[in-house]
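Chemist: No letters, just coordinates:
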Ligand SMILES: [Fe+2]
């Protein structure tokens, strides 16, 4: 009987891991990280969408680039969610919750020009970096050094993705300029 009561009590107990960060900071960081987690999964899915649907003469390059970027984005997700749990917050539980929280626009178009895909992802990655910097400020203020150091790595990775996307969208402009120079 006592065992049964214990089990009942355990089910009621909150999922609050004890942390030395103050409760207000935990609440704020949890909110910022959960929104970031939703953004990351939304961007992961858009990157895979374009990986699957890209077409044209640069198919292989773009298909592989977006696969690599998708893997990198996906890997961030688990670390964000586990940071939330480590400081005592709770995190995302469903696709529905992701769709309510994410802040970037979906792209469900039947056909998207490959260069437009890369430009759109470039913008989305830039916006993600901006939000990571905002979360970094919040964590820094609260003394959450573990999350700030992870965010620094993710910002660097995001800047690499933007760099590659930027260079790949310059190709048309570059060939036009080269052709003009030869004439
Ligand atoms: Fe694939």
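Modeler: Nice, I can see it. Please read all numbers here as calculations on a predicted model, not as lab measurements. Numbering: from 1, shown residues only.

Chemist: where does the residue nearest to the spatial centre of the chain land in three-state SS?
Modeler: For the chain, residue 40 is the residue whose C-alpha lies nearest the centre (CA atoms, centre = their mean; 2.2 Å). Here residue 40 is recorded as helix under DSSP: H, G, I helix; E, B strand; the rest coil.

Chemist: cool, and residue 20?
Modeler: coil.

Chemist: Distance-wise, check it relative to residue 144.
Modeler: Per CB to CB, to the nearest Å, residue 20 is found 10 Å from residue 144. To be clear about C-beta, it is placed using only N, CA and C from the backbone, and glycine gets the same treatment.

Chemist: and if you look at residue 92?
Modeler: For residue 92 relative to residue 144 (CB to CB), the value is 19 Å.

Chemist: do the same with residue 116
Modeler: For residue 116 relative to residue 144 (CB to CB), the value is 38 Å.

Chemist: Which one's more surrounded, those two?
Modeler: Set residue 116 next to residue 144 and count neighbours by other CB atoms under 10 Å: residue 144 wins out with 25 against 14.

Chemist: got a list of what the more buried one touches?
Modeler: Going by CB atoms under 8 Å, 6 or more residues apart in numbering, residue 144 touches 21, 25, 29, 87.

Chemist: let's see 10 Å
Modeler: 19, 21, 25-26, 28-29, 33, 83, 86-87, 135-136, 138, 150-151 (CB atoms under 10 Å, 6 or more residues apart in numbering).

Chemist: neighbour-wise, which of the residues you listed leads?
Modeler: Going by other CB under 10 Å, residue 151 tops the contacts of residue 144 with 28 neighbours.

Chemist: need the contact list for that residue.
Modeler: 33, 36, 76, 80, 83, 129, 131-140, 144, 158.

Chemist: same question, residue 92
Modeler: Applying CB under 10 Å, 6+ apart, the residues contacting residue 92 are 33-35, 37-38, 41, 77, 80-81, 84, 98, 100-101.

Chemist: can we see that at 8 Å?
Modeler: Contacts of residue 92 (CB under 8 Å, 6+ apart): 34, 37, 38, 41, 81, 98, 101.

Chemist: Now render those as CSV, adding secondary structure, neighbour count and distance to residue 70.
Modeler: Below are those laid out as CSV (DSSP: H, G, I helix; E, B strand; the rest coil; neighbours: other CB atoms under 10 Å; distance: CB to CB, whole Å):
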residue, secondary structure, neighbour count, distance to residue 70
34, helix, 20, 21
37, helix, 24, 16
38, helix, 23, 16
41, helix, 23, 11
81, helix, 19, 18
98, helix, 19, 16
101, helix, 17, 20
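
Chemist: Which two of those have the greatest separation?
Modeler: Greatest spacing in the contacts of residue 92, by CB to CB: 81 and 101 (12.5 Å).
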